[in-house]
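Novice: Sequence plus the predicted model coming up.
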Amino acid sequence: MEIAYFPGCTLKTTARALETSALAVAKTLGIAIKELPSWTCCGTCYSLAEDDLIKQVAPIRTLARTANLGYSILTTLCSVCYNTLAQANLFVKAVPTRLEKINAFMEEEANYAGNVEVKHFLTLLQELGAEKVSEAVKRPLSGLKVACYYGCLLLRPQNVAIDDPEQPSILENIMKSIGAEPVFFPYQVECCGSYHTAVKPEIVARRAHLILENAIENGADIVVTSCPLCSFNLKERQKDIKRLYPGFKGLPVFYFTEVMAEAFGITKILKGI
Amino acid sequence: MRIGVFICHCGKNIAGVVDVKELVERASKLKDVVYATDYVYLCSEPGQKEIQEKIEELELTHVVIAACSPKMHATTFARAVKGVGLNPYLLEIANIREHCSWVHHDKPEIATEKAFRLIKAAVAKVRLAEPLEPIKVPLTRKVLVIGGGIAGIRTALDIANGGFEVYLVERTPSLGGHMAQLSETFPTLDCSACILTPLMVEAAHHKNIHVITYAEVKNIKGIIGNFKVTIEKKPRYVIPEKCTGCGDCMDVCPVIVPNEFDQGLGARKAIYVPFPQAVPLVYTLDLENCLNTQKLVVCEQCYKACGPRAINYLMEPQEIEIEVGAVVIATGFDLLPIENLKEYGGGKYPDVVTGLEFERLLSASGPTGGVVRRPSDGKIPKRVVFIQCAGSRDPEHGCPYCSKICCMYTAKQALLYKHVVPDGEAYVFFIDVRAAGKRYEEFVQRVMGEERIVYLRGKVSKVFQREDKLVVWGADTISGMAVEIEADMVVLAPAVVPSKGTADLAKLLKVSVDEFGFLSEVHPKLRPVESVSPGVYLAGAAQAPKDISETAAQASAAASKVLSLLSQKEATLEPIVAHVDKELCIGCGLCWKACPFKAITMVREEKREGKKRRRYAKVEEAVCQGCGVCMAICEKKAINVAGFTYDQLSAQVKALLEDE
Amino acid sequence: MRLVLKRQDDLLKKVEEISGENVFACYQCGKCSAGCPMSTEMDLLPNQVIRLLQLGANEQLLDCRTIWLCASCFTCTARCPKGVSLTRLMEGVRLVLLRTTKEDQVSPKEMEKEFLPQVALISALRKFTT
Ligand SMILES: Cc1cc2nc3c(=O)[nH]c(=O)nc-3n(C[C@H](O)[C@H](O)[C@H](O)COP(=O)(O)OP(=O)(O)OC[C@H]3O[C@@H](n4cnc5c(N)ncnc54)[C@H](O)[C@@H]3O)c2cc1C
Ligand code: SF4
Ligand code: SF4
């Protein structure tokens, strides 16, 4: 069954690496995902106001288009898009009048009936099973110690969590199935500072420092993530971290799909690690 | 027919909302009502007198009392009318407090109207009431106590000392329950074993007590006064009569497994007693861990070592049938599995332990001999963090209630820890300290003031490992700061939950449980140790979390209820049971199928000349609970529950619905 | 310090309406503050934001930096024993301020300095501007 795929803005710019590697991984594993022909911003970040329905129009428009094309599942790669779409979906389904109002507002779209399920790509991989993933491995990443960083939006709030919010294992299981060795990493669910990166980069640098140091302490060679924002904060902010904490040695950060593509023999980016 | 209507003010509880004068006026105009009045507290002595006097003076034949819920005072008023010779089943109660003034306190007019309708309906119903006599059945003067913790032991001893025979059934190999696992007990710091073991021994040796351990109740039939109980004894593979408790078998057994009694912190053999003071001191072979299986014997070490030849690998489960007149449930509690507390690393980090595990570490007879050592590496922890309300008062973890014992045992554990590790630091995270028992507050003050233990008011959000330390992120809402503590060990006080299997047992005994699975009492104030099932009583932490003092008090209370039941000549049952009208019954058997208590049998008429023998339903009065399911299902209106007949109920409903 | 208490629940009501949360369901256990990743940067602890709402200490509340430092990470919401979503309440207070004062907390110019991912830009604009 073909699954609709929503890339979101950032995957077409700073997070290209996430999209390219994920599409290659999906292809190798035979997961049929197809980009929606027309899409808009997911509406990030998810509006927490009950009294401001207009903020839900963007995500619901995407879901309406998905349903209208005959898809029942929409997948995303970006954690932020996942969270926004999934929360918006639950929000409008919870109270029928919300959906009615939004449908009336989006008169140019076919009505949305709440019948699309939003799934993160990680969930698709989990459903496929570790065995299938293992079978596709050409170059097992033996000995590579990976800190799996989840951040917030895959795990919280609880009603959209793709795994246990306190002790998740979905990324670890994938890393194991490609031969890598996940390291125990308590900061894996700690917030990186999120959008504060745009306004108060020094706060984010302090957060990222704590997270990366915790990964290093626990023996990680690399960190993997699924979120373009986390990735930016953990990777690009390392320059700022070094300024604030001269002793900081640095730690490579990748999208989990990049590491998978490496194990599948598609790319060679991990040289020297 | 001369009906009297008495309307209670209940102080301001009713009269503050409902217009009682209006009620009196309107009630006095109802059919067959010859007298209506109001009174400030009808349940009081003068109030009851007033009712009695009017019955006699006005020769009332039926009475309606409009007051609080019949759950509260039905028996009070029944006794009052009976006192002057009126059959109590000719009394009807209209609940105008819970159903009117309390729920509609903001709409007094509607409350008054509703109250009147309820009174009118009660009058309509009582007009059709018949006098009824209680059903008497013979009484078996023996008692079953389920659960051999302090609650069960105390109840059993009190009943046995009253001269009646008791079967005390315990699931595990020994009596004692959780109290046997404790180190010292708050607030007196008595050694737990020192107060408990003598009671265990006394129970085991009491001439009136049959202790049946390693056994469970499989089935119960019957009703108050006459229960038939099936008990299943699990095979111990050791013949109790032969076992001398010498332990030679244990010495030679090659299998070592974690000991449940030590919360898995210590080890035992596959043939074992859970702890040295176990009662009965009989070894138990746990087949799950033994090298042998039911079919195949590969190791005979213990068999060979046992001098008195007490070991029998072929033992089968054994069923015992007993008859008793009353049952006490004392099945105690469990702790919420800390695997549910993932943010605290419960189940993930070995040095995050439960309070019960910490008791074992503090206990002189525990796996570490009373030296507090942390499970991961055996080191003595120098900084310990205690977290109260780990799951309690926490609707998100399914336990919105207070577990009641944790504030006190945490204070105790912090104190005992400081006594064994004087240079150690202890921190206690709490939301409120609840120390409302006798000498409890003084105890907590001593722990804070004299032992100088730091209490932080706030919850912990996360515990995680950093090298060999546990990092605790908490809050101190008093100083308004988030705090971090690098601890060697974290002790959680998990929520108290009903013990495993309570729900099944409750179903078996037709006892109700509350939304958290604790056994429900009939009324928290008026009938605190009785279950809704007559003849079944409650004791201990199975009813709600409680400490030992409260458990012991409740256990004695349950025993006294049992004793007053057993000291009667016969058991008395409510006559609210179903009756079959043989003429109307067509013998279809619908009621027989529907009866949840199996009180109905289908019988054939005696042989009749020339006519076919008809089939009809017959009710076993002593089994019928008067639930009325049969009545609702019968298409011929042939079966009626006394006191709640079709005619009565439809008159009542009609009166409720019709406008004046 | 002395706070004179009197009923002043206009802000409280507005925040509850926006967030859909019951401020009085909070029993001030502080678990939210204990785990908040931003607490080190804050002037009020997250639980104190709720406390000030409960007390009606509106001036003190609207003055604080905390609400602008919250990262909407949902850590507090995920762990609150009472099921209170402090994340939503924080948003409620922010929105009251944004809607009433019409003052942006950040200007797009400030954010142009480096090549940021769109999610960061859009999120920040959504959170900090009217
Ligand atoms: C860590 C900790 C420390 C404590 N410290 C103190 C203290 O210092 N002072 C104090 O006053 N209180 C203390 N308490 C409380 C005390 O443990 C309880 O009040 C007491 O154990 C309650 O006794 P009980 O008999 O009701 O339940 P339990 O002790 O739980 O006993 C119940 C018994 O019933 C058995 N059972 C269960 N189900 C069945 C079944 N279906 N069939 C047959 N048998 C069954 C169980 O095996 C058990 O033996 C502490 C509790 C904890 C957890
Ligand atoms: S965790 Fe919840 S109940 Fe506790 S202080 Fe925070 S919001 Fe209030
Ligand atoms: S949502 Fe805001 S207040 Fe809550 S933990 Fe995250 S940053 Fe702190």
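Specialist: All right, it came through fine. Ligands and ions are numbered 1, 2, ... in the order given.
Novice: what residues are up against the residue nearest the centre of chain A?
Specialist: Residue closest to the average C-alpha location in chain A (Cα atoms, centre = their mean): A:Ser79, at 3.0 Å. A:Ser79 is in contact with A:His120, A:Gly151, A:Cys152, A:Leu153, A:Leu154, A:Thr225, A:Ser226, A:Cys227, A:Leu229, A:Cys230, counting by Cβ atoms under 8 Å, 6 or more residues apart in numbering or on different chains. C-beta: built from backbone N, CA, C; applies to glycine.
Novice: Let's see that with 6 Å instead.
Specialist: A:Leu153, A:Leu154, A:Ser226, A:Cys227 (Cβ atoms under 6 Å, 6 or more residues apart in numbering or on different chains).
Novice: Now for those: which two are most distant?
Specialist: A:Leu153 and A:Ser226 (9.3 Å; Cβ to Cβ).
Novice: Find the nearest non-adjacent residue to the residue nearest to the centre of chain A, please.
Specialist: A:Cys227 (3.7 Å; Cβ to Cβ, 6 or more residues apart in numbering or on different chains).
Novice: what separates that neighbour from chain B, distance-wise?
Specialist: 21 Å (Cβ to the nearest Cβ, to the nearest Å).
Novice: Quick check on that residue: phi, psi?
Specialist: Main-chain torsions, A:Cys227, degrees, to the nearest 10: phi -120, psi 130.
Novice: and after the helix or strand of chain C with the lowest mean pLDDT, which helix or strand comes next?
Specialist: None of the helices or strands of chain C scores lower by mean pLDDT, DSSP states H and E than helix C:108-111, at a mean of 82. Next in sequence after helix C:108-111, counting helices and strands by DSSP states H and E, comes helix C:118-128.
Novice: can you tell me the helix or strand for the residue nearest to C:Ile122 when sequence neighbours are not counted?
Specialist: Excluding the flanking residues, the one nearest C:Ile122 by Cβ to Cβ, 6+ apart is A:Thr44, at 5.6 Å. Secondary structure from DSSP H and E places A:Thr44 outside every helix and strand.
Novice: re earlier: counting neighbours, what do you get for the residue nearest to A:Ser79?
Specialist: 30 (other Cβ atoms under 10 Å in any protein chain shown).
Novice: So it sits against A:Gly151, correct?
Specialist: Yes: A:Cys227 lies in contact with A:Gly151 (Cβ atoms under 6 Å); the separation is 5.4 Å.
Novice: re the thing from before, gap between the residue nearest to the centre of chain A and B:Ile146?
Specialist: 52 Å (Cβ to Cβ, to the nearest Å).
Novice: ok, which stretches of chain C are helices?
Specialist: Assigned by DSSP state H, the helices in chain C fall at C:10-19, C:31-35, C:46-55, C:58-62, C:66-69, C:75-79, C:86-101, C:108-111, C:118-128.
Novice: Which of the three states applies to whatever residue of the stretch 551-660 of chain B ends up closest to ligand 2?
Specialist: Residue of the stretch 551-660 of chain B nearest ligand 2, by Cβ to the nearest ligand atom: B:Thr551 (30.9 Å). Put simply, B:Thr551 is helix when judged by DSSP: H, G, I helix; E, B strand; the rest coil.
Novice: Run a quick neighbour tally on it.
Specialist: 28.
Novice: residues in contact with the residue nearest to it when sequence neighbours are not counted?
Specialist: Nearest residue to B:Thr551, sequence neighbours excluded (Cβ to Cβ, 6+ apart): B:Gly540, at 4.5 Å. Contact partners of B:Gly540, counting by Cβ under 6 Å, 6+ apart, are B:Ala151, B:Ala330, B:Gly332, B:Thr551.
Novice: try 7 Å this time
Specialist: Applying Cβ atoms under 7 Å, 6 or more residues apart in numbering or on different chains to B:Gly540 gives the contacts B:Gly149, B:Ala151, B:Ala330, B:Gly332, B:Thr551, B:Gln554, B:Ala555.
Novice: swap in C:Glu17?
Specialist: A:Asp51.
Novice: quick one: it and B:Lys561, what's the gap?
Specialist: Note on C:Glu17: its distance to B:Lys561, by Cβ to Cβ, is 53 Å.
Novice: what does C:Cys64 give?
Specialist: 58 Å.
Novice: Those two: which is more packed in?
Specialist: Neighbours per residue (other Cβ under 10 Å) separate C:Cys64 from B:Lys561, with B:Lys561 holding more: 22 against 16.
Novice: so that one is in which element?
Specialist: With DSSP H and E as the criterion, the answer for B:Lys561 is helix B:548-566.
Novice: Could you list the contact residues of the stretch 151-273 of chain A toward chain B?
Specialist: Applying Cβ under 7 Å from any Cβ of the partner chain, we find that the stretch 151-273 of chain A lies next to chain B at A:Asp164, A:Glu166, A:Gln167, A:Pro186.
Novice: and with 10 Å instead?
Specialist: Residues of the stretch 151-273 of chain A lying close to chain B (Cβ under 10 Å from any Cβ of the partner chain) are A:158, A:164-168, A:184-187, A:189-190, A:214, A:217-218.
Novice: cool, and chain C?
Specialist: Counting by Cβ under 10 Å from any Cβ, chain C sits next to chain B at C:25, C:27-36, C:39-40, C:42, C:44-48, C:51, C:75-76, C:78-84.
Novice: just the buried members of these?
Specialist: The neighbour count (16 or more other Cβ atoms under 10 Å in any protein chain shown) marks C:28-36, C:39, C:42, C:44-48, C:51, C:75-76, C:78-82, C:84 as buried among the residues of chain C next to chain B.
Novice: related to what we said a few turns ago, so what's the residue nearest to C:Ile122 scoring on pLDDT?
Specialist: Predicted confidence (pLDDT) for A:Thr44: 90.
Novice: same thing with the one 4 residues further on?
Specialist: Per-residue confidence for A:Leu48 comes out at a pLDDT of 95.
Novice: can you count the residues close to the closest residue to it other than its chain neighbours?
Specialist: In space, and not counting its chain neighbours, A:Leu48 is closest to C:Glu91: 3.8 Å by Cβ to Cβ, 6+ apart. A total of 26 residues lie near C:Glu91 under the criterion other Cβ under 10 Å.
Novice: And C:Glu91, how far from ligand 3?
Specialist: Distance, C:Glu91 to ligand 3, by Cβ to the nearest ligand atom, to the nearest Å: 9 Å.
Novice: Surely that residue touches C:Ala71?
Specialist: No: counting by Cβ atoms under 10 Å, C:Glu91 does not reach C:Ala71; the two are 11.5 Å apart.
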